[in-house]
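J.: Quick one, structure for this:
(chains A and B)
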Amino acid sequence: MTLIEFFSHNTRELLALTFEHLFLVAVSTGIAILIGVPLGILLTRKPGLSKPVLGFANIMQTVPSLALFGFLIPLNIYLFHVKILGGIGARTAIVALVLYALLPIIRNTFTGISNVDPAIRDAGRGMGMTDRQLLLQVELPLALGVIIAGVRVATVICVGTATIAAAIDAGGLGRYIFRGLRANDNTLILAGAVPAALIAMGADLALGYIERTIQFGKTIGAKSKKILWSAIIAVLVGIIVAYVFAGKGAGAIAVGSKDFTEQVILGEILAQAIEGKTNLQVVRRFDLGGNLAHEALAAGEIDVYVEYTGTALLAILKNPPVTDPQEVLRRVKAEYARRFKLEWTEPLGFNNTFAILVRADDARQLNLKRITDAARVSAQWRAGFGQDFMSRADGYPGFAQTYGFHFQEIREMDLSLTYRALAEKQVDLIAGNSTDGLISRYGLVQLEDDRHYFPPYDGVPVARQDTLEKHPEVRRVLQQLGGILTVEAMRKLNYAVDGEKRQPREVAREFLKQKGIIQ
Amino acid sequence: MAMTDDQTAIEFRDVSFTLPDGRTLLSNLSLRVQSGETLVLLGRSGSGKTTTMKLINRLIDPTAGELRVEGKPTIEWDPIRLRRRIGYVIQEIGLFPHLSVEENIGVVPRLEGWAAERIRQRARALLTMVGLDADRFAARFPRELSGGQRQRIGVARALAADPPVILLDEPFGALDPITRREIQREFKTLQQELKKTMIFVTHDIAEAFVLGTRIALLKDGQLILLDEPQALLRSQHPEARAFAECFNDAQSRGSRA
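T.: Numbering: from 1, shown residues only, chains lettered A, B, ... in the order given. Here you go, the predicted model:
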């Protein structure tokens, strides 16, 4: 499907995502201006502050967005009973975007004002202007061009960074990009990237134009001043209202998911089962990146999502790897109840562990069945691993040691890209997920973990204890879902979405009907 | 002896100004500026002329001694009130580039809360007074003016709120010699009409002769001589002689031409 076709089929969704994107950018840039300009002015009055403040803004720009989200989500700060910081969704995305946009605005306000000719400043002071009059009538008008140049840089940064907001359910064009990466679909990636790039260019051109024309604008009369102030106040109120309501609605069951296909399907399965078997409203908060789903669950932003036993043990509880599935489940159950007041319900019945994959023809020619077989011939091979696999406790280092692998080269890339890289012979071995639909799509062969290196990754819905106590019907639904999936079934569902490009919602409904859970 | 009569507009009593790093820009200056006179502060670059000027409108305060404006020590003046009673002209860059000519002239009246129409009328009257056509120039911006026109606007701006005292810091410094001569002549006429107290900073002795009621010669932050222009030519002090020679050279060149 070409990009044009995609846009004509999905115009409505494209517009909605573009609007969400513009909303995030406008609100964040607006708040960044409201904070950054006064802060920049303050620095010109108290130059001693400039080092620490600019240093802080500098550091904020270097913090990776997922790390920043991970820090912001658990926050729970209220002002007059309205949550102003923390949680998932647009609010947290906006806070992160504001922190990224601050530096250019503060810096340009500071330098713009500092660079006003000292003779002009002396003339103003010598004529009897107070500091405030000097600022408003001389320094700010003269620095305006430079300040707008800073706003321009901040806006472009925001347009680009707002794509990452999709990782915490804040929407925007990043949804297409993440979906596309997940499904290995270039059209979908471009469907997000091209409009985002166009927005960035448009904003850059528009602000560039304003920057050039405003340079020596006329001073404004009292009447237009009144209009201007009303406009500024209206925008302010709008921004504050938008910000406060950017969180989730209360009272419903919020089902979460991580940011890959299987998780979205599982999220839909939980959501539709709860919708079908209870009278509760369900809010979907999918596509949460990294470990943000866990953060969101612990913070009460979502009520349930599907976690994997091995992930919980290693990545969240930071325990050493254990290979016995029963033992792993027992441990995470006990630790989660004790540390987070979260409950592991019934395992769904499949194990999404690392799958060591090779091409079918290699497997046939070299007679590869077990990982041990591959280790023998790996000296000439190139491997493709996701960042995740390279860094985890149950990932590459232990794997290479256990099996004695010495690759000619290891290419670190996004997990979703490794399947294609293997199929196109750019690499010869990858570590995929055992339930990935792409395994059948590309006809890849999974090698047996004959030394039992990988811990189990059984998919289990994890829910908040307080939610289950308040709504026992949710617990009953989750119990009913116990054991309804196998690795093959999960792979099939994944392929229906990734390979056949069907909607996760539809695939999940079909599956639940087939299992007789819903009508 | 220490009495201040009505004729004294500004009085320096043993005033010194020393920077935090210990450099002394002005030491033990004592002088009186009479109401209605034009006192020229003459000296080379770095002699303390501009420092003397900035002390008067409290852009800086003395580190020793006392300075009185209208009989009241400057440190007792509210700086904003003081400055609005003192017109200030600095080299052409002092015009605000983002304001039109009319708005530049109207800055102090606007700060003083005059009505818009009164400010407009005042600006137009002043433009005419400094020899510029109000209809043609009111709406222009400083970058659209020649150096001489900018300087006239600078003078008009300083006169806007009719202050009793005007400080002029090398106002004609950046002009070509011909325009400079022209504008000096116009300024002289203006001066005789208005009878304001003026402190005029220059390093050009010819200008000092044309405009000054009295000349104060400064060197390295010290007052060397304070007298009428002719007296400077007779002085035996080396610095006075150096300036006098410049003046005589210029005169003889002028008579040969």
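J.: gap between the residue nearest the centre of chain B and residue B:151?
T.: In chain B, the C-alpha nearest the mean C-alpha coordinate belongs to residue B:168, at 1.9 Å (C-alpha atoms, centre = their mean). Distance of residue B:168 to residue B:151, given as C-beta to C-beta, to the nearest Å: 10 Å. All C-beta spots, glycine's among them, are computed from the backbone N, C-alpha and C.
J.: again, but for residue A:207
T.: Distance from residue A:207 to residue B:151, by C-beta to C-beta: 37 Å.
J.: of those two, who's got more company?
T.: residue B:151 (26 against 20; other C-beta atoms under 10 Å in any protein chain shown).
J.: neighbouring contacts of the helix or strand hosting that one?
T.: Element membership for residue B:151 (DSSP states H and E) is helix B:147-159. Contact with helix B:147-159 is made by A:127, B:87-90, B:92, B:94-95, B:101, B:104-105, B:107-108, B:123, B:126-127, B:129-132, B:137, B:142, B:145, B:166-168, B:171-172, B:174-176, B:179, B:182-183, B:186-187, B:190, B:194, B:196, as judged by C-beta atoms under 8 Å, 6 or more residues apart in numbering or on different chains.
J.: Tell me how confident the model is about it, as a mean pLDDT.
T.: The pLDDT scores in helix B:147-159 average 88.
J.: Using CSV, list the CA coordinates for that helix.
T.: Output of helix B:147-159 as CSV, limited to C-alpha atoms (Å, rounded to 0.1, in the frame of the first residue of the first chain):
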residue,chain,number,x,y,z
GLY,B,147,23.3,61.1,11.2
GLY,B,148,22.5,64.8,11.5
GLN,B,149,18.8,64.1,11.5
ARG,B,150,19.2,61.5,14.2
GLN,B,151,21.1,64.0,16.3
ARG,B,152,18.4,66.6,16.0
ILE,B,153,15.9,64.1,17.1
GLY,B,154,18.1,63.2,20.1
VAL,B,155,18.1,66.9,21.1
ALA,B,156,14.4,67.2,20.6
ARG,B,157,13.8,64.1,22.7
ALA,B,158,15.9,65.6,25.6
LEU,B,159,13.8,68.7,25.5
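J.: The helix or strand just after it pairs with which strands, parallel or anti?
T.: Of the helices and strands lying after helix B:147-159 in sequence (DSSP H and E), the nearest is strand B:165-169. In the sheet, strand B:165-169 lines up against strand B:86-89 (parallel), strand B:197-202 (parallel) (DSSP bridges).
J.: What residues sit buried inside strand B:165-169?
T.: B:165, B:166, B:167, B:168, B:169 (16 or more other C-beta atoms under 10 Å in any protein chain shown).
J.: tell me the two of those residues that are most distant?
T.: B:165 and B:169 (13.5 Å; C-beta to C-beta).
J.: Spatially nearest residue to residue A:133, not counting backbone neighbours?
T.: residue B:111 (6.4 Å; C-beta to C-beta, 6 or more residues apart in numbering or on different chains).
J.: cool, and residue B:228?
T.: residue B:214 (5.7 Å).
J.: what's the answer for residue A:192, then?
T.: Closest to residue A:192 by C-beta to C-beta, 6+ apart is residue A:176, at 3.0 Å.
J.: for the one you found, what are its contacts?
T.: Neighbours of residue A:176 in contact, by C-beta under 8 Å, 6+ apart: A:17, A:188, A:189, A:191, A:192, A:193.
J.: Check which helix or strand it maps to.
T.: helix A:174-183.
J.: how far is that helix from where the chain is centred?
T.: Between the centre of helix A:174-183 and the centre of its chain there are 11 Å (C-alpha atoms, centre = their mean, to the nearest Å).
J.: And the next helix or strand past that helix?
T.: helix A:186-214.
J.: Buried residues in that next one, which are they?
T.: A:187-193, A:195-196, A:199-200, A:203, A:207, A:210-211.
J.: So residue A:306 lies in a strand, does it not?
T.: Yes. Checked against DSSP: H, G, I helix; E, B strand; the rest coil, residue A:306 lies within a strand.
J.: Would you state the strands of the stretch 401-519 of chain A in chain order?
T.: Ranges of strands within the stretch 401-519 of chain A are A:409-413, A:429-433, A:444-447, A:459-464, based on DSSP state E, counting those that start in this stretch.
J.: and the stretch 51-200 of chain A, which residues reach chain B?
T.: With C-beta under 8 Å from any C-beta of the partner chain as the criterion, the stretch 51-200 of chain A meets chain B at residues A:117, A:119-120, A:122-130, A:133, A:137-138, A:141-142.
J.: if we go to 10 Å?
T.: A:116-131, A:133, A:137-138, A:140-142, A:144-145 (C-beta under 10 Å from any C-beta of the partner chain).
J.: can you map out the strands along chain B?
T.: In chain B, the strands defined using DSSP state E lie at B:8-18, B:24-34, B:38-42, B:64-69, B:72-73, B:86-89, B:165-169, B:197-202, B:214-219, B:222-227.
J.: Tell me the buried residues in the second one?
T.: This points to strand B:24-34. B:24, B:25, B:26, B:27, B:29, B:31, B:32, B:33.
J.: Please report the distance of the closest residue to the last one other than its chain neighbours from chain A.
T.: In other words, residue B:33. Spatially, and ignoring its direct neighbours in sequence, residue B:33 is nearest to residue B:10 (4.2 Å; C-beta to C-beta, 6+ apart). Remark: distance between residue B:10 and chain A (C-beta to the nearest C-beta, to the nearest Å) = 15 Å.
J.: residues contacting residue B:10?
T.: Shown in contact with residue B:10 (C-beta atoms under 10 Å, 6 or more residues apart in numbering or on different chains): B:31-35, B:39, B:55-56, B:67-71, B:74, B:86, B:165, B:167, B:197, B:199.
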